[in-house]
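# Structure of the sequence below:
(chains A and B)
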Amino acid sequence: MLQELGTPTFKKELRVLSVGLGRSEKDFLQQALSMSENYLCKVRHESEFEEILDLVGNDEINVFVWRAPKRDEERKLQLSALKKISGFCAVIAYCTTKEEMDVVPALKVGIVHSYYLKESNSPMSVIAALEQCLDRRSQINQKRLIQKLLKTEESFRRVITSSTDGIVIVDKDNQVKFINPKAESLFDVNPLKILNMPFPEDLRKDTVWIKELERTLDKSLYVQFQTVAINWDGELCYLSTIRDITSRILLEKKKDDFFSVVSHEIRTPITVIKEGISQVLEGMHGPLTDFQQQLLSLSLDSTNELNALITNLLDLSKLEVNKTKLDWKMAKIGDIVDKVARKFRLPGEKKGLTVEAVIPESPPTLFLDPGKITQVLTNLMSNALKFTDKGEIRILLDDMEDRIKISVSDTGMGIPKKDLDRIFDRFEQVGRDQHGGTQGTGLGLAICKGIVELHGGKIYATSIAGQGTQFHLEIPKKDFDTICTDYIEENIQKTKDEIFWTMVVETPDQDENKLNQWFTAIQKTLRSNSDFCLKNGSKIFIIMYDVKDLALEVFEQRLRYIETKVGITDVKLLLAAFPADGNNARSLLKKINQSHS
Amino acid sequence: MKKKILIIDDEERIVVVLQARLESKGYTTLKATNGHEGLEMIQKDKPDLIILDVRMPKMDGYTFLNSLKHIPGTSNIPIIVCTAQGKVEDLFTQRDVHSFVTKPFDPQVLMEKVRSAIGDAPLT
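As a prediction, this is how the structure comes out:
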């Protein structure tokens, strides 16, 4: 039975449920509640306590008015059941002074939120109890919420503090806002002193990078930073995850050593075999029969093939671990294409094939590794020659706006469409069976792909089975400033573990403005602990990285190398010193200038 | 007088085949298995040309060249670096090197470099 009390609409509506009240007590409650200035109460009465347990659970009831039973036993039983009810709604106890002694302790532990006494017999005491119970309940709720938040916060903190990755947050001035224990130990910093101080590594960039951390002991520590910009307390900050990747780096180094040892150890016996066979074949140690000559020729060819296979394998391994260093130069791509085509003219003629090069009138000059691009084109041409029995092989250079495209096409057997994608995988030898087992290592195209990709380009093939195949490679034209900046960035990354490096870039012109532009670009790229030297007004840049441990002798050695190899003798150095170790750079420059004057 | 070529290489078998080729072309050969021996050999008997390996025990090719700088009267001896390692050109900055040959070498290429360094051996 719901009965509406009072009418004002601005009052907050409350659903009130009472249990165990007598008729006059019900009337008294209803009358008292209707006098509330803040609440519009909809009251419902029930007689049996057991029946209301389900009603309060479903959030229908805001306030529960409980008549404390007169019988002690029953009262105690209901009090313990009230625990559940007070979790869902506010509870007012209604009792006589006799039962009050049981109600007060329940009030203290929050099972009951307020009470009014039968003896007071005043509507005001009911309204006071109503206000009080709602207050108490909201206080308790707040307390619970805070406890829950604290618990969640504690869980998150535990995750972050026990993380095996370092976590650091810095603000726009690179000052530490947060640091976890792993990051503290990686950088050997005191958590109390580092807060709001600049972090040793500049983390203000949205990227991934690797660095070797300096350690006093003879031990290397390599870490990878992965940083993202975040909003932290309303300001732009950077969150960096720092992972110890020492074991991975050391493993890569071991792999490198392994390649170098293998290459050395295999090439030595091959040298002896090849040289021995060559000498006998040349007749150096006495005349040979025709059959002996034939056998030894086969042996020599096979030895050369074995050597090519090993060279290819090592090339590919290096490409796979990103250890291939391109020898970037400004090169005339037209000359490279022409030279490769010429090399194949004679072998082509022997098979009755025309070998043609189509080159535009003024082919561009590009920044690339001429040796490696020649290797790619030679490989494509020799494949074309291998798989073509009649017709022609054509190499075509196309000068496009932002890239060049070189196509090698033949009129050979072609490649089935389903195989076109996998021909660039290692050890794939499509078409070998149909072609009577033509020799090859199955590594050539994989190497080509690796080299072209190192140039930022792509390689792909098109073919019509039975009619021929076209291999296309596209190499982007980079403007020289971009190349220069990329190159510096790449080298800083590569040589981060060396105390010193020099970089020599030949400029296509001697434009002073261009030099200044690069200077700005380089300044942006270098980090604050680096120093930079520029040979002004000529063709050479010299960049020194981490000058602090650089001995004059080493520098002189490098300088002489540049002088003899590049032919620049009048070296005048300008210096841009960065605050971090500007003094070292300055004193080095002084020494250099003294020894040169 | 025959022209003397000093071969410095720790691999005996390489030395054997090199000696066979060079001697058949009329050169005299000396051999050393590391940089130390090479230096001793040079002080006893000045060669006209040195064919130098890079990776050797006791004293490698770089260290050998560094030490050679301090031996008077050796600055004119041409040196051909013969190595199974890839590009080593950039690492040899201490002293002028005549040329570089990669193992396994092409016999014609090697002999051309020898000839260009010290000329043909006089026919005897």
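
# Chain B contacts on chain A?
A:260, A:263-264, A:267-272, A:274-276, A:278-279, A:282, A:284-285, A:303, A:307, A:557-558, A:560-561 (C-beta under 8 Å from any C-beta of the partner chain). (Glycine included, C-beta is placed from N, CA and C.)

# Now list the buried members of these.
Buried members of these, scored by 16 or more other C-beta atoms under 10 Å in any protein chain shown, are A:263-264, A:267-268, A:270-272, A:274-276, A:278-279, A:303, A:307, A:558, A:561.

# Sort out for me which of the residues of chain A next to chain B are in helices.
A:260, A:263-264, A:267-272, A:274-276, A:278-279, A:303, A:307, A:557-558, A:560-561 (DSSP state H).

# In chain B, what residue spans correspond to helices?
B:12-24, B:35-44, B:61-68, B:107-118.

# looking at these, which is buried most?
helix B:61-68 (a mean of 20; mean count of other C-beta atoms under 10 Å in any protein chain shown).

# quick one: average confidence on that one?
Helix B:61-68 comes out with an average pLDDT of 85.

# Setting aside sequence neighbours, what's the nearest residue to B:T102?
Leaving aside its chain neighbours, B:T102 sits nearest to B:T83 (6.7 Å; criterion: C-beta to C-beta, 6 or more residues apart in numbering or on different chains).

# what's the neighbour count on that neighbour?
20 (other C-beta atoms under 10 Å in any protein chain shown).

# Over to A:H455?
22.

# How about the one 3 residues further on?
Other residues lying near A:K458 total 15 when counted by other C-beta under 10 Å.

# any idea which helix or strand carries A:P200?
According to DSSP states H and E, A:P200 maps onto no helix or strand at all.

# if I look at A:G283, how far off is chain B?
10 Å (C-beta to the nearest C-beta, to the nearest Å).

# just A:F28 next, same as before
103 Å.

# Specify the stretch among the helices of chain B that is closest to A:R426.
helix B:107-118 (29.9 Å; C-beta to C-beta).

# So which elements touch that closest one?
helix A:246-281, helix B:12-24, strand B:49-52, strand B:79-83, strand B:99-102 (3 or more C-beta pairs under 8 Å, 6 or more residues apart in numbering or on different chains; DSSP states H and E).

# Who are the packing partners of the first one?
Helix A:246-281 sits against strand A:221-232, helix A:290-320, helix B:12-24, helix B:107-118, with contacts defined as 3+ C-beta pairs under 8 Å, 6+ apart.

# Mind telling me which of the ones you listed the model trusts least?
Looking at these, the bottom one is helix A:290-320 with a mean of 86.

# in it, what counts as buried?
A:296, A:299-300, A:303, A:306-307, A:310-319.

# Dump the lowest-mean-pLDDT helix or strand in chain B to PDB, keeping only the CA atoms.
Every helix and strand in chain B was compared by mean pLDDT, DSSP states H and E; the lowest is helix B:61-68, with a mean of 85. Presented in PDB, the C-alpha positions along helix B:61-68 are these (Å, rounded to 0.1, in the frame of the first residue of the first chain):
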ATOM      1  CA  GLY B  61      98.200  -7.400 -39.800                       C
ATOM      2  CA  TYR B  62      97.300  -4.000 -38.300                       C
ATOM      3  CA  THR B  63      99.700  -4.300 -35.500                       C
ATOM      4  CA  PHE B  64     102.400  -5.400 -37.900                       C
ATOM      5  CA  LEU B  65     102.000  -2.300 -40.000                       C
ATOM      6  CA  ASN B  66     102.100  -0.100 -36.900                       C
ATOM      7  CA  SER B  67     105.400  -1.700 -35.900                       C
ATOM      8  CA  LEU B  68     106.800  -1.500 -39.400                       C
END
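
# how near is the residue most central in space within chain B to B:C82?
By C-alpha atoms, centre = their mean, chain B has its centre lying nearest to B:I51, at 1.3 Å. Applying C-beta to C-beta, to the nearest Å, the value for B:I51 to B:C82 is 5 Å.

# what do these two both touch?
B:D9 (C-beta atoms under 8 Å, 6 or more residues apart in numbering or on different chains).

# What is the burial count for residue 103?
Defaulting to chain A. Using other C-beta under 10 Å: A:V103 sits among 22 other residues.

# oops, chain B please
For B:K103, using other C-beta under 10 Å, the count is 23.

# List the residues that contact it.
Per C-beta under 8 Å, 6+ apart, neighbours of B:K103: A:267-268, A:270-271, B:14, B:82-84.
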